[in-house]
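Student: Predicted model follows, preceded by the sequence.
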Amino acid sequence: MRAASVSDYRELARRRLPRIFFEYIDGGSYAEVTLGRNVADLEAIALRQRVMRDMTDLKMSVETLGQTLSLPVGLSPVGMAGMYGRRGETQAARAAAAAGVPFCLSTVGVCSVEEVAATGTPPWFQLYMLKDRGYMRELLARARELGSPVLVFTVDLPIPGARYRDIRSGFTGASKLEAALAQAWDGITHPGWTWDVFVHGRPHTLGSVAGAVKQGGRVTDFLAWIARNFDRSVTWKDLDWVRENWDRPIVVKGVLDPEDARDAVRAGAQGLVVSNHGGRQLDGVRSSISALPKIADAVGNDLELFMDGGVRSGLDVLKGLALGAKACFMGRPWAYALGAGGEPAIRKMLDTIRAELAVAMILTGCNDVRAAGRDLLDLD
Ligand code: FNR
C-alpha cells in the first residue's frame, strides 16, 4: 500500500510492528473517550471556503521562541520511538530538520539526547519531573550543553493513566515468561521489524535516563522504574527549580484549563502546549481543540501557545491555528510513519501535511499562517 495520509501510515505501522508496540502507540487510557474526541472534534470543525482571491504567495513560516519554523508544525515527544524504527528518535530528528520543524525528544526516548544531538540539530528536550532531582539537574545540564534550544516540561503525568490495551497485549503487567513468549512470537510474525529494530537497533534502553535506572534490562523494566519515580509533589513553584537549571525558553505541556494556563504565565513559562497527552491520561476530559479557544482568550498574548492531540492533516493544522495556536504538534502521526517506513516515511508525511496546509490556506483565503484567525471557520 502506498501511504497517502496519516491513517495509511497507521495501517502500515499496524502491519509492520509487533502488537505490543502498535497498541502502545495507538491506544489511549481507559475507554479512550478523550482520544476519540481529539480527532472527532477537529473533524467536526468546518472551514469556511473562500474563492477568487489572489493566492499566489503563501507564507507558512512562523517565528517562535527564537526559532524560525518553516511550517507551523512540530513533532511531539513520544517515548520509546527507538522500538518502532531503528534508532527511531534520530530518524525523526533528521526528518524534522529536513522539513524545518522542531523535533521534541522525550525523557524516555531510546536514543539519548547526545545521540539525537549528533544528527546535527539539537532537539527540543522534554522533561518529566522525576523524584531524583540530582539526576534531573544533570540531565538538564547535558541537554543544555548540547544546545537544545527549548525545554518542554510535561505536567500532565504525575501518575500514568491505565491503558487497557497495554494490559491486553501483554506490554504491561505480564510475567517475565509471558513477556518472553509474546516477544518471541512477535519476532517470528514481524520479521521486518525483527531485522531492523530487534537485531540492528540496539541498545534498547532509555538512553537519556539509563544512568539513573539501577535494575532491569528490558525497556518495560525502565518504564516501570520511571512510573515509580514520577514526582507527584510538583507544583508551579517547582518551575523556579527548573528555571534555575535551564536558562532558555520553557514550554509547559499538558494544560487544558484556562486557570492552569494563567498559573503557567504567572510562573513565568514562555510557552504552553494545550494537550491531554493524546488521550492517554485522564479519560473523559475535553479534546485539546475544544479547550484551545478559551485558553487563547485567557493567555494567548502572554506566551507562545501550541496545541497537540488529534492533528492528522494540514487541514487540522489550519483549524488549530485559527483557534489560537501558533503551531500544532503531532505525536502518533510521526510514530506511525516511523513504524511504517522510518525517516523517509516521516519526511513524506511532513510533505503531505505541508501540501494539505497549502490547499487549506488557498481555499480559505489565508495567505499567511500568522494571520489565521476564527474568521477562517464556519462556526454556526
Ligand atoms: C506520547 N506522549 C508523550 N508526551 C510526553 O510529554 N512525553 C512522552 O514521553 C510521551 N510519550 C508518548 C508516547 C506515545 C506512544 C504517544 C502516542 C504519546 C504524548 C505526546 O507528546 C502528545 O501529547 C500526543 O501524542 C498528542 O496527540 P496525538 O498527536 O498523538 O493525537
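Tutor: In hand now; what should we look at? Fair warning: this is a prediction, and the values are worked out from it, not measured in the lab.
Student: For residue 199, see how far away the residue of the chain found nearest the ligand is.
Tutor: Closest residue of the chain to the ligand, C-beta to the nearest ligand atom: residue 331 (2.1 Å). C-beta: built from backbone N, CA, C; applies to glycine. As judged by C-beta to C-beta, to the nearest Å, residue 331 and residue 199 stand 27 Å apart.
Student: what's the answer for residue 207, then?
Tutor: 18 Å.
Student: Of the two, which one has the most company?
Tutor: residue 207 (21 against 11; other C-beta atoms under 10 Å).
Student: What residues does the stretch 51-200 of the chain have near the ligand?
Tutor: 76-79, 106, 108, 126, 154 (C-beta under 6 Å from any ligand atom).
Student: shaky segments in the stretch 151-300 of the chain?
Tutor: Within the stretch 151-300 of the chain, the stretches with pLDDT under 70 are 214-218.
Student: Now do the strands in it.
Tutor: With DSSP state E, counting those that start in this stretch applied, the stretch 151-300 of the chain shows strands at 151-154, 250-255, 271-274, listed in chain order.
Student: what's in contact with the longest one?
Tutor: The contact list for strand 250-255, computed with C-beta atoms under 8 Å, 6 or more residues apart in numbering, reads 65, 77, 124, 126, 150-157, 239, 242-243, 261, 264, 267-277, 281, 295, 304, 306, 308.
Student: How about it and the ligand, any contact?
Tutor: Yes. Using C-beta under 6 Å from any ligand atom, strand 250-255 reaches the ligand at residue 253.
Student: Quick check: neighbours of that strand in the sheet, parallel or antiparallel?
Tutor: Strand pairing for strand 250-255, determined by DSSP bridges: strand 151-154 (parallel), strand 271-274 (parallel).
Student: any chance of those in a markdown table, plus mean neighbour count and distance to residue 184?
Tutor: Putting the strands paired with strand 250-255 into a markdown table (neighbours: other C-beta atoms under 10 Å; distance: least, C-beta to C-beta, whole Å) gives the following:
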| stretch | mean neighbour count | distance to residue 184 |
| --- | --- | --- |
| strand 151-154 | 25 | 34 |
| strand 271-274 | 28 | 39 |
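Student: tally of neighbours for residue 380?
Tutor: Neighbour tally, residue 380, other C-beta under 10 Å: 5.
Student: ok, it to residue 289 distance?
Tutor: 17 Å.
Student: before we move on, what about residue 344?
Tutor: In terms of C-beta to C-beta, residue 344 sits 30 Å off from residue 289.
Student: More neighbours: the two, which one.
Tutor: Neighbour comparison, residue 344 and residue 289: the larger count goes to residue 289, with 28 against 12 (by other C-beta under 10 Å).
Student: Surely that one is in contact with residue 310?
Tutor: Yes. Between residue 289 and residue 310 a contact is recorded at 6.5 Å, counting by C-beta atoms under 8 Å.
Student: residues shared between the contacts of the two?
Tutor: 38, 41-42.
Student: hang on, the earlier thing: to residue 223, which of the strands paired with strand 250-255 lies closest?
Tutor: strand 151-154 (15.0 Å; C-beta to C-beta).
Student: Could you give the separation of that closest one from the chain centroid?
Tutor: Relative to the mean C-alpha coordinate of its chain, strand 151-154 is positioned 11 Å out (C-alpha atoms, centre = their mean, to the nearest Å).
Student: now what about it, what contacts it?
Tutor: Here strand 151-154 makes contact (C-beta under 8 Å, 6+ apart) with 77, 104, 107, 124-129, 140, 143, 239, 242, 246, 248-254, 269, 273, 277.
Student: Neighbours of the residue lying closest to residue 187 once chain neighbours are set aside, how many?
Tutor: The shortest distance from residue 187 to any residue other than its chain neighbours is 4.5 Å, reached at residue 194 (C-beta to C-beta, 6 or more residues apart in numbering). Residues contacting residue 194 under the criterion other C-beta under 10 Å number 17.
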